[in-house]
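K.L.:
Here you go, sequence then predicted model.
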Amino acid sequence: MAPQPSPPPPPTPDAKFVPKKQVSLVEIRRSASVLSQFPIQDGTEANVLVIYVGGTIGMKKVDGVYIPVRDYMGEVIRTLPMLYDAEYAKEIGLDKEELNSFVLPISKGRRVFFYLKEYETLKDSSNVNVNDWLEMVENIRENYRLYDGFVIIHGTDTMAYTASALSFALENLGKPVILTGSQVPLSELRSDGRDNFLGAVYIAGHYVIPEVTLYFNNKLYRGNRCVKISSESFRAFDSPNLAPLLTMAVDITVNWSSIFRMNTLAAFRVNTNMTRNVGLLRLFPSITAETVRAFLQPPMEGIVLQTYGAGNCPDDRRDIIAEIQTAADRGMIILNCTQCSSGGVSASYQTGKVLLDAGVIPGSDITPEAALSKLSYILGQPNFSLEEKRRQLKRNLRGEISVSTATGRTFTFEDSEFIRAVVDTLRIGSSKEVQAVSETLFPPLLCAAARNGDLNAIKYMQETGANLTGHDYDGRTALHLAASEGHTEVVRFLLENGCSIYARDRFGNTPFMDSIRNRKLDTIEIIKQCGGHLINESPFELAVLLCSAAATNDVTGLQAYHMAGVDMMCTDYSGNTALHVAAINNQLEAIQYLLESHVIPANKPNGEGFTAAELAAQHGHQKTASLIKELTDKLKEKIPSGSFKLNGGPNRST
Ligand SMILES: NC(=O)C[C@H](N)C(=O)O
């Protein structure tokens, strides 16, 4: 075989390279004079810190091989419109290279800004070690309050290890930490990096999934459930024992009931006590006792024992079992993890029970990567006794294992035993009292499920006897929530099961009004088909809502009111219709919609006798005044005679 060319020398530090002064995006945006006029507004903006550790995603081909190159990631991002809204960045002064700050195109009415913090030494993840983990943890700690979420750009080879380690080191996490990378560099034509990078930053800026997760190939996995399964496929990772937490497709589907949430009031903190004296011993047929003994010697403190099937070892190899027993007796912690890619450990077989009897701790369905991190984290805690370490290893700390009930099934929200378990806990005996508990508990549960669009959970609760029309302490019903969120499938199901579109909550809102306020046009249509209409909303209140929609160019809002049958000619306290207000505020799209839908005649005077065109001119919007006249003339040509009474306004919709 021809001699292989010697690998290129590692990239020497570039003399001119000066590490960027690391400031947070928030500080940048608050300090930059241009930006001060764009105050950070809650809800419509999000800030994400992107920590760039290395990996293929940011690599550049140099002399025929890929190597990480400083500043290259930022250069490439600036060329990708899906990752960087250059025009808006320029408009607000965020386009300076030294700012290392970027902004996604607007999405769901929100701007996601991200600050790229590039490590001084960008690594192929094969070189990532505990010290790098500690640096990532520290970076998150020092920036925790400044950002809505965190993305770590990392090589794929050891990404699952890093994700597992961080999941334990970041305690009481309340914000998303998402790892991602790619199989093909971002700059290459067919890179998977663009979608992976965009998806991770998008999710971090739009969803509060308070876990360490891993985003790859349109799926968001719990980080400590992942394994790398391919060195070539874009589907490089799998989570064999837990379904993805989120799937990115035409719609974004979040499996909210799977999200792991800390049940503590303790604040976020980092815990970097992690011992390195751990290892993984994979059993194989005819392994010698000498090998096992050598592996279990100090300074080893704990090992992951990778066993066959459901956690089995050869029970006829008394020599091996004796070595394991001896090590366990002297305080070695041994965690049983299956070699199978899915499923977990159980003491169902004698060949598994012998390990349990020898003091090996069953690891449930934990992955090898997570098992090593969990061991390292627990054995690193200075205040844990041996017993406490053993106890903690059996616990589900960060969702790294499936919690099984006595029957071996995993507890889920949809499980009808949920209510029975609550009833048992409250030690309520009589059916009357059980009924009282159900009437109290089911409505908020139904509302929660409806808000998440979780139709299966609603059906489960219906089968358990829940009254779908029940309301919670605020008078809110499941239909209110489903209508507010626009979950049309749930709305249909609830309507087909007798839920009322006229139910009013304590604020006087009906599901119909909720669908209008939230601009859920499909839901408005469904409720209208069921005869839904506005009942007691005062024309004045509706006029104010219409005019504020016009003033803010909220065309969808105008459509929603129009679809709902609101009298679009209603006027506010100064006799202005939505068209007058749109003209005063120079909102061209709103004007166009109102004129083209023939809901308000252009020549209708407001309370002071001025038409929309006159008001536009009075407020210095000459072009808008001309547009109104042009549109009106054009539309007049199209209007069939008799269908529009200029002085009396449109045919009134019922
Ligand atoms: N796709 C990748 O990122 C592989 C690369 N060797 C790494 O792990 O850094």
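P.N.:
Okay, I see it.
K.L.:
Mind listing what's buried along the lengthiest helix in the chain?
P.N.:
When the chain is parsed with DSSP state H, its longest helix is helix 431-451. Within helix 431-451, the residues scored as buried using 16 or more other CB atoms under 10 Å are 434, 438, 441-451. Where C-beta positions appear, they are placed from N, C-alpha and C, glycine not excepted.
K.L.:
For this structure, give me the ranges with low pLDDT.
P.N.:
1-43, 263, 265, 347-348, 403-435, 464, 534-536, 637-654 (pLDDT under 70).
K.L.:
doesn't residue 363 make contact with residue 336?
P.N.:
Yes: between residue 336 and residue 363 there is a contact under CB atoms under 8 Å: 5.1 Å.
K.L.:
Around the nearest residue in space to residue 340 that is not next to it in sequence, count how many other residues there are.
P.N.:
Sequence neighbours aside, residue 309 is the residue nearest to residue 340 in space, at 6.5 Å (criterion: CB to CB, 6 or more residues apart in numbering). Residue 309 is flanked by 16 other residues according to other CB atoms under 10 Å.
K.L.:
What of residue 245?
P.N.:
Residue 245 has 26 nearby residues by other CB under 10 Å.
K.L.:
swap in residue 529?
P.N.:
Neighbours of residue 529 (other CB under 10 Å): 10.
K.L.:
Then residue 225?
P.N.:
33.
K.L.:
For it, give me its contacts.
P.N.:
239, 240, 241, 242, 367, 370, 399, 400 (CB atoms under 8 Å, 6 or more residues apart in numbering).
K.L.:
Would you mind checking which of these is nearest to residue 117?
P.N.:
Distance to residue 117, by CB to CB, is smallest for residue 370 among the contacts of residue 225, at 26.1 Å.
K.L.:
Name the residues that touch the helix or strand harbouring that closest one?
P.N.:
Using DSSP states H and E, residue 370 falls within helix 368-379. Contact with helix 368-379 is made by 160-161, 163-165, 167-169, 224-227, 271, 273-280, 301-304, 306, 333, 335, 337, 363, 366, 384, 389, 392-393, 397, 400, as judged by CB under 8 Å, 6+ apart.
K.L.:
if you set the cut-off to 6 Å instead, what comes out?
P.N.:
160-161, 164-165, 168, 224, 274-275, 278, 280, 301-302, 304, 335, 337, 363, 389, 392-393, 400 (CB atoms under 6 Å, 6 or more residues apart in numbering).
K.L.:
Alongside the ligand, which residues does the chain contribute?
P.N.:
54, 55, 56, 124, 125, 126, 155, 156, 157, 181, 183 (CB under 6 Å from any ligand atom).
K.L.:
Please list only the buried members of those.
P.N.:
Buried members of those, counted by 16+ other CB under 10 Å: 54, 55, 56, 124, 125, 155, 156, 157, 181, 183.
K.L.:
Report the two of those separated the most.
P.N.:
Between all members of those, the farthest pair (by CB to CB) comes out as 54 and 183, at 14.5 Å.
K.L.:
who touches the strand or helix carrying residue 594?
P.N.:
Element membership for residue 594 (DSSP H and E) is helix 588-596. Applying CB under 6 Å, 6+ apart, the external contacts of helix 588-596 come out as 550, 553, 555, 558, 579, 582, 600, 631.
K.L.:
One more pass at 8 Å, please.
P.N.:
Contacts of helix 588-596 (CB under 8 Å, 6+ apart): 549-550, 553-555, 558-559, 568, 578-579, 582-583, 600, 602, 612, 624, 627-628, 631-632, 635.
K.L.:
Then stretch 483-497?
P.N.:
Under CB under 8 Å, 6+ apart, the answer for stretch 483-497 is 450-451, 453-455, 458-459, 462, 468, 478-479, 482, 501, 511-512, 514-515, 517-518, 520, 522-523, 526-527, 530.
K.L.:
Now which of those residues would you call buried?
P.N.:
For these, buried by 16+ other CB under 10 Å: 450-451, 453-455, 458-459, 462, 468, 478-479, 482, 501, 511-512, 514-515, 518, 520, 523, 526-527.
K.L.:
from what I can see residue 511 touches residue 479, true?
P.N.:
Yes: between residue 511 and residue 479 there is a contact under CB under 8 Å: 4.4 Å.
K.L.:
and for those two, which residues touch both?
P.N.:
By CB under 8 Å, 6+ apart, residue 511 and residue 479 have these common neighbours: 491, 499, 501, 503.
K.L.:
Let's see if you can find the most crowded of those residues.
P.N.:
Going by other CB under 10 Å, residue 491 tops the shared contacts of residue 511 and residue 479 with 28 neighbours.
K.L.:
mind checking the SS state of that one?
P.N.:
helix (DSSP: H, G, I helix; E, B strand; the rest coil).
K.L.:
try residue 626
P.N.:
Quick answer, by three-state DSSP: residue 626 is helix.
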